[in-house]
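Peer 1: quick one, what's the 3D model for this:
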Amino acid sequence: MISIDSNILFQSDGKLFLLFFSSIMAFVCFWLLFYYLKRARLIEDTPTSKIRSAAQGYVEIVGTVSSAKKHILTAPLSGTACVWFSYKIQRYRRSGNSSHWSTIEEQTSTEYFAINDSTGTCMINPMGAEVQTGHSRTWYGYTERPDQAHSTHIFFRVMGGKRYRYIEKLIRPHDTIYALGNFQTSGGGRGVPSNHQMTGIVIREWKRDYNQILDRFDQDKNGAIDMDEWSRVRTAASKEAEIRRKELSKTPTIYILENTKKRHRPFILSTFSQKKLAQKYRFFAFSSIIGLVIFTALVLAQFMNTPVLSL
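Peer 2: Here you go, the predicted structure:
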């Protein structure tokens with residue numbers, strides 16, 4: 001009969017779990033190593049462009065932040081003036097012997113803001129951006145929202161304890177930011193249809209109200225547009241098309257930087273300089289190497305110390 005010591009079996013299960021956990025973490029650290037190195041190389045190798053002369057597509061620009069249309073945001077937690085914010089409110093929860101922070105509220109602003117350099121102004125659409133900012137703050141409290149603290153009785157402050165955590169990240173007006181994303185230009189005569197294309201658009205609009213065409217161009221009043229009258233329709237539509245094209249060409253040039261929606265081309269906004277941001281990613285990569293070494297050592301240790309079952 002085979003007898004198995006329960007302690008050995010328990011130890012074996014624990015070591016198998018540690019082996020599995022260490023293997024997963026080693027793989028994660030290996031993946032993060034290349035992820036952060038790729039980010040650092042991308043930031044270091046992409047040349048900085050001026051807004052007015054930037055090519056369409058994936059570019060890097062550096063400039064000073066300002067609000068769009070003089071609309072300054074207010075950070076919901078701290079009340080600080082900003083152009084972009086992201087925050088979380090977390091509550092400390094305990095269940096038995098375990099405890100954790102659970103997010104009960106979070107929000108990230110989506111309003112456009114502007115970045116200015118010596119050549120022009122570019123609008124930033126922050127949706128989907130990976131934001132690295134020096135204006136990052138974490139603090140603790142005893143109410144669900146920080147602004148409730150002043151209206152809470154001292155008894156509940158003492159009894160409640162610091163059971164809430166507030167995390168807030170900001171981009172403030174006048175910050176100098178580094179931006180890497182998809183650059184597009186519109187207006188200023190770009191994308192204006194040709195006279196032939198615009199004439200077709202005008203005629204299709206007029207055809208929606210055929211009675212109006214008859215009133216304007218049916219000279220013999222027979223209820224139909226003949227060839228000569230149709231030629232006059234096209235001439236009038238061509239004149240209208242040219243007027244519209246001139247109006248479109250007067251629209252101001254607008255530069256927009258936004259999400260690339262491509263995994264290998266991240267959309268990055270940062271209040272750190274290009275050099276410091278690249279250094280941060282290299283530090284993250286170095287930390288991943290340390291984690292990889294530690295968890296790989298744990299995996300090897302488990303293989304070298306396999307539990308033995310007694311017969």
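
Peer 1: helices and strands of the protein: which one has the lowest mean pLDDT?
Peer 2: Least confident helix or strand of the chain, by mean pLDDT, DSSP states H and E, is helix 154-160 with a mean of 47.

Peer 1: for residue 214, pull up the helix or strand it's in.
Peer 2: helix 210-217 (DSSP states H and E).

Peer 1: in whatever helix or strand comes next after that helix, what's buried?
Peer 2: Remark: after helix 210-217, the chain's next helix or strand is helix 227-249, criterion DSSP H and E. For helix 227-249, a neighbour-count test (16 or more other Cβ atoms under 10 Å) marks 229, 233, 236, 237, 240, 241, 244, 245, 248 as buried. Every C-beta, even on glycine, is put in place using the N, C-alpha and C of the backbone.

Peer 1: for helix 227-249, name the packing helices and strands.
Peer 2: Counting contacts by 3 or more Cβ pairs under 8 Å, 6 or more residues apart in numbering; DSSP states H and E, helix 227-249 packs against helix 195-207, helix 210-217.

Peer 1: list the contacts for residue 100?
Peer 2: Taking Cβ atoms under 8 Å, 6 or more residues apart in numbering, we find residue 100 in contact with 92, 93.

Peer 1: mind telling me what element it is part of?
Peer 2: In the assignment (DSSP H and E), residue 100 maps to strand 98-108.

Peer 1: name the strands paired with that strand and say parallel or antiparallel.
Peer 2: Strand 98-108 sits in its sheet next to strand 84-95 (antiparallel), going by DSSP bridges.

Peer 1: list the contacts of the partner strand.
Peer 2: 73, 75-77, 99-109, 111, 113, 126, 131, 144-145, 162-171, 269.

Peer 1: which residue sits closest to residue 51, ignoring its sequence neighbours?
Peer 2: Nearest residue to residue 51 in three dimensions, chain neighbours excluded: residue 120, at 4.1 Å (Cβ to Cβ, 6 or more residues apart in numbering).

Peer 1: phi and psi next, for the one you found.
Peer 2: Here is the backbone geometry of residue 120 (degrees, to the nearest 10): phi 170, psi -170.

Peer 1: residue 183: which element?
Peer 2: strand 176-186.

Peer 1: please put the alpha-carbon coordinates of that strand into PDB.
Peer 2: Output in PDB follows, covering the C-alpha atoms of strand 176-186 (Å, rounded to 0.1, in the frame of the first residue of the first chain):
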ATOM      1  CA  THR A 176       5.600  72.300 -20.900                       C
ATOM      2  CA  ILE A 177       4.600  68.900 -22.200                       C
ATOM      3  CA  TYR A 178       6.000  66.300 -24.500                       C
ATOM      4  CA  ALA A 179       3.400  64.800 -26.900                       C
ATOM      5  CA  LEU A 180       3.700  61.800 -29.200                       C
ATOM      6  CA  GLY A 181       0.700  60.900 -31.300                       C
ATOM      7  CA  ASN A 182      -1.200  61.100 -34.600                       C
ATOM      8  CA  PHE A 183      -0.900  64.600 -36.100                       C
ATOM      9  CA  GLN A 184      -3.600  65.800 -38.500                       C
ATOM     10  CA  THR A 185      -4.200  69.200 -40.200                       C
ATOM     11  CA  SER A 186      -7.500  70.500 -41.500                       C
END
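
Peer 1: just the mean pLDDT for the helix or strand where residue 286 lies, thanks.
Peer 2: Counting by DSSP H and E, the element that carries residue 286 is helix 274-304. Regarding helix 274-304, the rounded mean pLDDT is 88.

Peer 1: how far out from the middle of the chain is it?
Peer 2: Distance of helix 274-304 from its chain centroid, counting by Cα atoms, centre = their mean, to the nearest Å, is 26 Å.

Peer 1: for it, name the packing helices and strands.
Peer 2: helix 6-45.

Peer 1: looking only at pLDDT, what's the mean for the helix it packs on?
Peer 2: Helix 6-45 carries an average pLDDT of 80.
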